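Chemist: pasting the structure only:
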């Protein structure tokens, strides 16, 4: 039985949990779309500095972007492993994803701290308000994702059969969320740092 | 784990995922490189958008399995994405993000220099603890013009021949000294200018947004008088 088909009868023949996750991700596109739009509108309307070109560090953020991309790769390998019932590989790759996610969060904490030390806080100007709101919410999403993955790692020891159920549906759902967080960062990195930060 | 109907035929292998990962890394490296190549400046934005869309598609279609899953999932996701994009473009158009000229940051380098110089004056006088800055008493026109820039006015208002006053968010101040007398019946030019600074929302020029901040409290009385005199001199 495929993970997206339901063990219970549904009108669509698809698993409702997976359908709900995709609906949620579609709505989350609207959420981040509004934050990115607000950032773009106010980006060049600050009346005091610092401005993006003064403070954004593209080389450092490129490294954190690479880290997040690699975490997505590890996540998909962990899902591949659980589909084959390989718990050992699943644990390796999901732990790798967790560590990469934590590394990314470490970069974010470092960046926020550096910005604050250089005079940019959410209260400084419009750029600060919109930047910290946008990247802060993204960081919150990553944090929740890390906690979710950590719970899966714990469950792989406590109740591995549940994780393997339905070809790893539980892991599939977490993986979808994690990849979505990655693609949001792809957009943020391009819009905020590459286009707006030079 | 793959297509919802029929036997698995297109299930990605770990090698496929690895190739996708390498493509994502290479595209990211290209994106970063593009930013630093001045020859590509004119096409930088569309190029970056295209590359980002490619990365977005690779993750969604392969890592998130949308290419191999039931089409209803695609409808769910791309339906939301389409609504988001539509609203995104609509809002940006409403706020003239596309139609306004290349928006240099309102805080221009000159304005920042003026502000930095002003802050240096404050730091040299530790006794000046109140929020309003140290007075910069000056009488000549160039100095009061610099005051206008230092206080951030030039970030939103433009004045010809005044370096650092290039803002476009507020009305151009050329000729304000004579124009102000006809703006509000019963108010002289000086009264109009004073009230415009003290109560920014009092007289909003048509075609501009009511976004001028209250900056009177950031000025000493002497600075305020200098600014008013300067603006009156712009005939």
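Modeler: Noted; the coordinates are in hand. Remember, predicted model here, so these are calculated numbers, not experimental data.

Chemist: residue in chain B nearest to chain A?
Modeler: The nearest approach of chain B to chain A comes at residue B:80, 2.2 Å away (CB to the nearest CB). In short, each C-beta sits where N, CA and C put it, glycine included.

Chemist: Identify the residue spatially nearest to that residue, adjacent ones excluded.
Modeler: Closest residue in space to residue B:80, ignoring its immediate chain neighbours: residue A:26 at 2.2 Å, by CB to CB, 6 or more residues apart in numbering or on different chains.

Chemist: The helix or strand harbouring that neighbour: which residues count as buried?
Modeler: Remark: residue A:26 resides in helix A:16-42, with elements defined by DSSP states H and E. The neighbour-count check on helix A:16-42 (16 or more other CB atoms under 10 Å in any protein chain shown) flags A:18-19, A:21-26, A:28-30, A:32-33, A:35-42 as buried.

Chemist: The following helix or strand past it near chain B at all?
Modeler: Proceeding N to C from helix A:16-42, the next assigned helix or strand is helix A:52-55, under DSSP H and E. Yes. Helix A:52-55 is in contact with chain B by CB under 8 Å from any CB of the partner chain, via A:52, A:53.

Chemist: Show me what the helix or strand following helix A:52-55 is packed against.
Modeler: Note on helix A:52-55: by DSSP H and E, the next helix or strand toward the C-terminus is helix A:58-83. On a contact count with 3 or more CB pairs under 8 Å, 6 or more residues apart in numbering or on different chains; DSSP states H and E, helix A:58-83 meets helix A:87-117, helix A:160-188, helix B:14-35.

Chemist: and of those helices, who's closest to residue B:188?
Modeler: Ranking those by proximity to residue B:188 (CB to CB) places helix A:87-117 first, at 46.0 Å.

Chemist: just checking, what packs against the closest one?
Modeler: Partner elements for helix A:87-117 (3+ CB pairs under 8 Å, 6+ apart): helix A:58-83, helix A:126-158, helix A:160-188.

Chemist: Go through those helices and name the closest to residue B:152.
Modeler: Set against residue B:152 and scored by CB to CB, those come closest in helix A:126-158, at 12.9 Å.

Chemist: any chance you could map the helices in chain B?
Modeler: Here chain B has its helices, by DSSP state H, at B:14-35, B:44-58, B:71-94, B:109-124, B:141-150, B:176-179, B:189-198, B:221-233.

Chemist: and residue 52, what is it in contact with?
Modeler: Reading this off chain A. Counting by CB atoms under 8 Å, 6 or more residues apart in numbering or on different chains, residue A:52 makes contact with A:43, A:127, A:131, A:192, A:196, A:197, B:105.

Chemist: nope, chain B
Modeler: Contacts of residue B:52 (CB under 8 Å, 6+ apart): A:186, A:187, A:190, B:31.

Chemist: CSV for these, including pLDDT, distance to residue B:24 and neighbour count?
Modeler: Below are those laid out as CSV (pLDDT from 0 to 100; distance: CB to CB, whole Å; neighbours: other CB atoms under 10 Å in any protein chain shown):
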residue, pLDDT, distance to residue B:24, neighbour count
A:186, 96, 9, 25
A:187, 96, 14, 19
A:190, 95, 13, 23
B:31, 94, 11, 24
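
Chemist: Farthest pair within those residues?
Modeler: Using CB to CB, the pair of these lying farthest apart is A:187 and B:31, separated by 12.0 Å.

Chemist: how many neighbours does residue A:15 have?
Modeler: The number of residues packed near residue A:15 is 24, by other CB atoms under 10 Å in any protein chain shown.

Chemist: do you know how far it is from chain B?
Modeler: According to CB to the nearest CB, to the nearest Å, residue A:15 stands 10 Å off from chain B.

Chemist: From residue B:71, how far off is that residue?
Modeler: Taking CB to CB, to the nearest Å as the measure, residue A:15 falls 15 Å from residue B:71.

Chemist: quick one: low-confidence parts of chain A?
Modeler: A:1-8, A:198 (pLDDT under 70).

Chemist: re earlier: need the helices and strands packed on helix A:87-117 in JSON lines (columns: distance to residue B:46).
Modeler: Formatted as JSON lines, the helices and strands packed on helix A:87-117 follow (distance: least, CB to CB, whole Å):
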{"stretch": "helix A:58-83", "distance to residue B:46": "19"}
{"stretch": "helix A:126-158", "distance to residue B:46": "22"}
{"stretch": "helix A:160-188", "distance to residue B:46": "15"}
